[in-house]
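Peer 1: Fold the following for me, if possible:
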Amino acid sequence: MKKLTEYQKSFLLNYFFKNENFAGWKNIADRLLESGKCIVPGKECIWIGGIGNFIEVTNTKEAIGCVLYTFDLDYFLTSNWYKEIHNEYKIQLSVKKKEIDFEYGEISNM
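Peer 2: Numbering: from 1, shown residues only. Below you'll find the model as predicted:
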């Protein structure tokens, strides 16, 4: 499994995993991004559609009333949905970079 930088992880958490309807979403998402697996209470995935389409939910005997989430990051990164959001975000960053470069030039030329 690919090791993510903090910027990469933050991007994935905020644009794909964020689920304010479930208090523990970030801890679960962190675990899935780090190891690809997480045991979660309940019977269903907390993400319906979207990133949930890339999370396999199976029964587990390791904990009562819980299921095992399995997430394949490498497979997700090949999806068209990921590529579209990723490209849009890079365009936004490029615009910000140009603005900062312009401001830097303006301040440097004082």
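
Peer 1: mind showing which ranges of the chain have poor pLDDT?
Peer 2: Along the chain, the parts satisfying pLDDT under 70 run over 1.

Peer 1: For it, just list every one of the strands.
Peer 2: 37-41, 55-59, 66-71 (DSSP state E).

Peer 1: the longest helix in this protein is where?
Peer 2: Longest helix of the chain, by residue count under DSSP state H: helix 80-108.

Peer 1: which of the residues in that helix are buried?
Peer 2: 82, 86 (16 or more other CB atoms under 10 Å). Where C-beta positions appear, they are placed from N, C-alpha and C, glycine not excepted.

Peer 1: returning to that earlier point: include distance to residue 90 and mean neighbour count when you put the strands of the chain into a markdown table, please.
Peer 2: Listed next are the strands of the chain as a markdown table, based on distance: least, CB to CB, whole Å; neighbours: other CB atoms under 10 Å:
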| stretch | distance to residue 90 | mean neighbour count |
| --- | --- | --- |
| strand 37-41 | 28 | 16 |
| strand 55-59 | 25 | 14 |
| strand 66-71 | 23 | 18 |
